[in-house]
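Chemist: with the input below, show me the fold.
(4 chains)
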2 protein chains.
Amino acid sequence: MRNDASGASAVPRRDEIVRAATALFLEKGYAATSMSALAQACGMQKASLYHHFPSKEALFVACVNDGYDVAVRELEQIRDDRTLDDEARLRRAFDALYRITVESTVGRMSPLIAETSRQIPSVARAFHDGFITRQHEILSDMIDAGVASGAFREVDRLGLEHMIFGPIVTLSLSREMFASFDSLDALYPVDGVREAHCDLILKLLRVSSDEPTER
Amino acid sequence: MRNDASGASAVPRRDEIVRAATALFLEKGYAATSMSALAQACGMQKASLYHHFPSKEALFVACVNDGYDVAVRELEQIRDDRTLDDEARLRRAFDALYRITVESTVGRMSPLIAETSRQIPSVARAFHDGFITRQHEILSDMIDAGVASGAFREVDRLGLEHMIFGPIVTLSLSREMFASFDSLDALYPVDGVREAHCDLILKLLRVSSDEPTER
DNA sequence: GTCTATACAAGGATAGAC
DNA sequence: GTCTATCCTTGTATAGAC
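Modeler: Prediction:
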């Protein structure tokens, strides 16, 4: 049942548990996921879970905190890639942001954070500081660079930030909310939305403000 | 404890229950809200709740379905208000959308829909058809009118829709996720985001594409 | 329509053998 | 590090008196 890409098995069991638990939490929500169900998904007994994590809450915290760094590092690499021009960089960033937010486990956790925000505020704090804020900073860097180089126009930053992240987060949320629909991909198509969204953002940012790469 | 604007008390107890239950569900999530807590909030015994609703799920369904019409009707009135020009109409619509999505109970339900989407798919369906779709249609009408009158430019509709609703829904979600933060209003200010967002959308839509009402 | 009392299952968590 | 067995609380829901 194990098939990690990452070489040896340094921390084998614990990571397996986090992985299985994350999937269950994402599917059923925090409160509706029982330790029994978690144990079953891991192929072990409830009591054995408590050997690895002192409580359900601690296990959940581990699940949420697990993926920040991988996601953020992907964005940093795009920001620091000197082979890209400002516009290509932004397109790559959109690509990564959509993939992270819609498909990765961390990116899909927003509803879980909302569900537990009052009960476990520390998780919300960590999610905000370790994931949200860092993403925004990296994207802000990219805009700064584009403005400095003259490729991008200066526009209101608060509005721009919300117009970049808003549609992405909402698409992810919508796909969780309406996951049971047959028509999910037709109603909320990831690729189609990403392209249309990115084009419009670039239309706002481009200095030559005609309609260049209208698809 | 009763103080409705709507005249007499036709369906008194049931509405009180829905009101109190909605508040609790929004605060604690669906699964984490017990019938005991609900009963306590209503000032009655658990068993009495079951006289009004056959199950917790049925009560929840009532809570979600309760507010569609009021919200949608507000938008319809703005759409049909012939005293407004296209741009003023859009500004009014932004106003209403932010208020509905961030402050009204229906608007704040997205995380709850996500939490229960697999367990109670019928609620997600109703929320989508009764609330989301209708909002999108009304807004689409307004854009159509603006394009027809020559006030708005035609831009990609899929992208535009997501750039209008995305930031609004995400702001609402963020405010639920980070409700415990002292700095919530500073990090996610409703008025500031709405104004900046609306200005940028108008910048995209306006035919005279210079920078008219830059704040 | 509301109450008290209760049924019965499932929840999180622990003890202690192996 | 995993197991079986168990503790105690809480969950949803029902029965039946008033």
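
Chemist: could you identify the helix or strand that succeeds the helix or strand harbouring A:R175?
Modeler: Element membership of A:R175 [criterion: DSSP states H and E] is helix A:157-177. Counting by DSSP H and E, the next helix or strand C-terminal to helix A:157-177 is helix A:184-187.

Chemist: list the buried ones in the helix or strand that that following helix is followed by?
Modeler: As assigned by DSSP H and E, the chain's next helix or strand after helix A:184-187 is helix A:190-205. Across helix A:190-205, burial judged by 16 or more other Cβ atoms under 10 Å in any protein chain shown covers A:190, A:193-205. (Each C-beta comes from the backbone N, C-alpha and C, glycine too.)

Chemist: where does the residue nearest to A:S48 when sequence neighbours are not counted sit, in terms of helix or strand?
Modeler: Spatial nearest neighbour of A:S48, chain neighbours left out: A:A39 (6.9 Å); criterion: Cβ to Cβ, 6 or more residues apart in numbering or on different chains. Counting by DSSP H and E, the element that carries A:A39 is helix A:35-42.

Chemist: what about the following helix or strand past that helix, distance to the chain center?
Modeler: Counting by DSSP H and E, the next helix or strand C-terminal to helix A:35-42 is helix A:46-52. Centroid separation for helix A:46-52 versus its chain: 29 Å, with Cα atoms, centre = their mean, to the nearest Å.

Chemist: swap in stretch A:185-201?
Modeler: Taking mean C-alpha positions (Cα atoms, centre = their mean), stretch A:185-201 and its chain are 16 Å apart.

Chemist: any chance you could list what contacts it?
Modeler: For stretch A:185-201, contacts defined as Cβ atoms under 8 Å, 6 or more residues apart in numbering or on different chains pick out A:90-91, A:94-95, A:98, A:102, A:160, A:163-164, A:167-168, A:171, A:174-175, A:178, A:181, A:213-215, B:155-156, B:158-160, B:162-163, B:166, B:204.

Chemist: rerun that using 7 Å as the cut-off
Modeler: A:91, A:94, A:98, A:102, A:163-164, A:167, A:171, A:174-175, A:178, A:181, A:213, A:215, B:155-156, B:158-160, B:162-163, B:204 (Cβ atoms under 7 Å, 6 or more residues apart in numbering or on different chains).

Chemist: what's the answer for stretch A:30-38, then?
Modeler: Residues contacting stretch A:30-38 (Cβ under 7 Å, 6+ apart): A:21, A:24-25, A:46, A:49, A:56, A:60, A:112, A:115-116, B:29, B:31-32, B:119.

Chemist: ok, those residues vs A:E76, which is closest?
Modeler: Nearest to A:E76 among the contacts of stretch A:30-38, counting by Cβ to Cβ, is A:L112 at 24.9 Å.

Chemist: let's verify the closest one: helix, strand, or coil?
Modeler: helix (DSSP: H, G, I helix; E, B strand; the rest coil).

Chemist: correct me if wrong: it contacts A:F25.
Modeler: Yes - here A:L112 reaches A:F25: they are 6.0 Å apart, a contact under Cβ atoms under 7 Å.

Chemist: which one of those two has more residues nearby?
Modeler: Neighbours were counted for A:L112 and for A:F25 using other Cβ atoms under 10 Å in any protein chain shown; A:L112 has more, 26 against 23.

Chemist: need the contact list for the more buried one.
Modeler: A:F25, A:L26, A:G29, A:Y30.

Chemist: okay, it and A:A31: tell me how far apart.
Modeler: Separation of A:L112 from A:A31 (Cβ to Cβ, to the nearest Å): 10 Å.

Chemist: on that earlier part again, from the contacts of stretch A:185-201, keep the buried residues only.
Modeler: Listed as buried from the contacts of stretch A:185-201 are A:91, A:94, A:98, A:102, A:163-164, A:167, A:171, A:174-175, A:178, A:181, B:155-156, B:159-160, B:162-163, B:204; burial here means 16+ other Cβ under 10 Å.

Chemist: residues touching the spatially most central residue of chain A, list them.
Modeler: Compute the mean C-alpha point of chain A, and by Cα atoms, centre = their mean the closest residue is A:G107, 2.2 Å away. With contact taken as Cβ under 7 Å, 6+ apart, A:G107 is in contact with A:A71, A:I100, A:T101, A:S172.

Chemist: then A:R134?
Modeler: With contact taken as Cβ under 7 Å, 6+ apart, A:R134 is in contact with A:V72.

Chemist: next one: it from A:D86, what distance?
Modeler: 21 Å.

Chemist: A:E16 now?
Modeler: With Cβ to Cβ as the criterion, A:E16 and A:D86 are 42 Å apart.

Chemist: now the end-to-end length of stretch A:41-56.
Modeler: Start to finish, the residues bounding stretch A:41-56 are 14 Å apart (Cα to Cα, to the nearest Å).

Chemist: residues from chain A in reach of DNA strand C?
Modeler: By Cβ under 7 Å from any atom of the strand, the residues of chain A that approach DNA strand C are A:T33, A:S34, A:M35, A:S36, A:A37, A:K46, A:A47, A:Y50, A:P54, A:S55, A:K56, A:E57.

Chemist: who wins for most neighbours among those?
Modeler: A:T33 (22 neighbours).

Chemist: and A:A41, how many neighbours does it have?
Modeler: Applying other Cβ under 10 Å, we find 16 residues neighbouring A:A41.

Chemist: cool, the one 3 residues further on as well?
Modeler: The burial metric for A:M44, expressed as a neighbour count using other Cβ under 10 Å, is 16.

Chemist: and A:A126, by the same measure?
Modeler: A:A126: 16 neighbours (other Cβ under 10 Å).

Chemist: which neighbouring elements make contact with the helix or strand harbouring it?
Modeler: Element membership for A:A126, per DSSP H and E: helix A:121-127. If you count contacts as 3 or more Cβ pairs under 7 Å, 6 or more residues apart in numbering or on different chains; DSSP states H and E, helix A:121-127 packs onto helix A:56-65, helix A:110-116.

Chemist: nothing else from me, thank you.
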